[in-house]
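> build the 3D model from these lines:
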Amino acid sequence: MDADLSSPLIELRGIRKTYVMGSQLVHALDGVDLDIGRGEYVAIMGASGSGKSTLMNLLGCLDTPTEGHYSLNGVQVEELNDEELARIRNREIGFVFQTFNLLSRTTALRNVELPLIYRGMPRRERLERARATLERVGLGDRVDHQPNELSGGQRQRVAIARALVTDPSLVLADEPTGNLDSATSVEIMELFDALHEQGNTVLLVTHEPDIAEHAERRIVLRDGQVLRDERNGEAA
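Model (predicted):
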């Protein structure tokens, strides 16, 4: 059944994630309630140990909560098995990582088509879509280049194209400028800004205030709980 487009893309209710560390229980997330609407541009911030990485893993369907309910585009994620989680990651989420996570001996085009191979799309269709997506991020003339032939910024653009090629509901970026110099970081964030303006839901996980400033909304975590949830510009 199709999701209700009037409902939030993401709904978290009473989310808890507990890890056993030796004889202790660590509450990485402790009762998180959160809605993120379709087309929002959100930054998640927090110090080391705040729970932001755990929250990113849950939002990205890389993990499931110990307690609580997570709905992504109308699907109850906590009810899914590993195979179903892999399927929803492929269909609903585009990941962008700090370390790019590209296949080193494979061209930009082949890197970008990879999620479509997992989806079972015919070769001609997936290559056409991968090429068009590389053009969308400004790399139409680099389709046959391998990662070692590209700059850091270009590699991150390939990673962004790979995230976009499946037309995901959510673009989830983990410290997307962490390995880039300042000038290149500006270029990459301008690309994320443009993606949001085109209607994409973009979620940034970052510890850098200047990166978070690009988002419309900022969610700050501390000790596994939401400390602040504010529109950018509202904070004192």
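
> ok, the most centrally placed residue in the chain - contacts?
The residue lying closest to the centre of the chain (Cα atoms, centre = their mean) is residue 172, at 0.8 Å. Applying Cβ atoms under 8 Å, 6 or more residues apart in numbering to residue 172 gives the contacts 56, 59, 60, 93, 94, 95, 96, 163, 203, 205. Bear in mind the C-beta positions are built from the backbone N, C-alpha and C, glycine included.

> what helix or strand does the closest residue to the third one other than its chain neighbours sit in?
Nearest-residue entry for residue 60: residue 172, 5.2 Å, with adjacent residues in sequence omitted and distances by Cβ to Cβ, 6 or more residues apart in numbering. Using DSSP states H and E, residue 172 sits within strand 170-174.

> in its sheet, what does that strand sit against?
The pairing partners recorded for strand 170-174 under DSSP bridges are strand 93-97 (parallel), strand 201-205 (parallel).

> wait, which of the ones you listed is closest to residue 151?
strand 93-97 (16.3 Å; Cβ to Cβ).

> any idea how far that closest one is from the chain center?
The chain centroid and the centroid of strand 93-97 are separated by 4 Å under Cα atoms, centre = their mean, to the nearest Å.

> per-residue confidence averaged over the lengthiest helix in the chain?
Identified as the longest helix of the chain according to DSSP state H is helix 182-197. For helix 182-197, the mean pLDDT works out to 93.

> repeat for stretch 228-235
Mean predicted confidence for stretch 228-235 is 81.

> what about the residue nearest to residue 50 when sequence neighbours are not counted, how many neighbours?
Spatial nearest neighbour of residue 50, excluding adjacent residues (Cβ to Cβ, 6+ apart): residue 221 at 4.2 Å. Residue 221 has 23 neighbouring residues, counting by other Cβ atoms under 10 Å.

> now residue 221: which helix or strand?
Per DSSP H and E: strand 217-222 holds residue 221.

> from the contact counts, what lies against that strand?
strand 41-45, strand 225-231 (3 or more Cβ pairs under 8 Å, 6 or more residues apart in numbering; DSSP states H and E).

> neighbours of the closest residue to residue 181 other than its chain neighbours, just the number please.
Leaving out its chain neighbours, the residue that sits closest to residue 181 by Cβ to Cβ, 6+ apart is residue 152, at 7.5 Å. Residue 152 has 16 neighbours, counted by other Cβ under 10 Å.

> now residue 152: how far from residue 200?
Residue 152 sits 23 Å away from residue 200, going by Cβ to Cβ, to the nearest Å.

> same question, residue 126
Residue 126 sits 20 Å away from residue 200 when distances are taken as Cβ to Cβ.

> kindly report the same for residue 148.
From residue 148 to residue 200 the distance is 29 Å (Cβ to Cβ).

> contacting residues for the closest residue to residue 19 other than its chain neighbours?
In this structure, residue 19 finds its nearest non-sequential neighbour in residue 26, 4.6 Å apart by Cβ to Cβ, 6+ apart. Residue 26 makes contacts with 18, 19, 20, as judged by Cβ under 8 Å, 6+ apart.

> sweet, I'm off.
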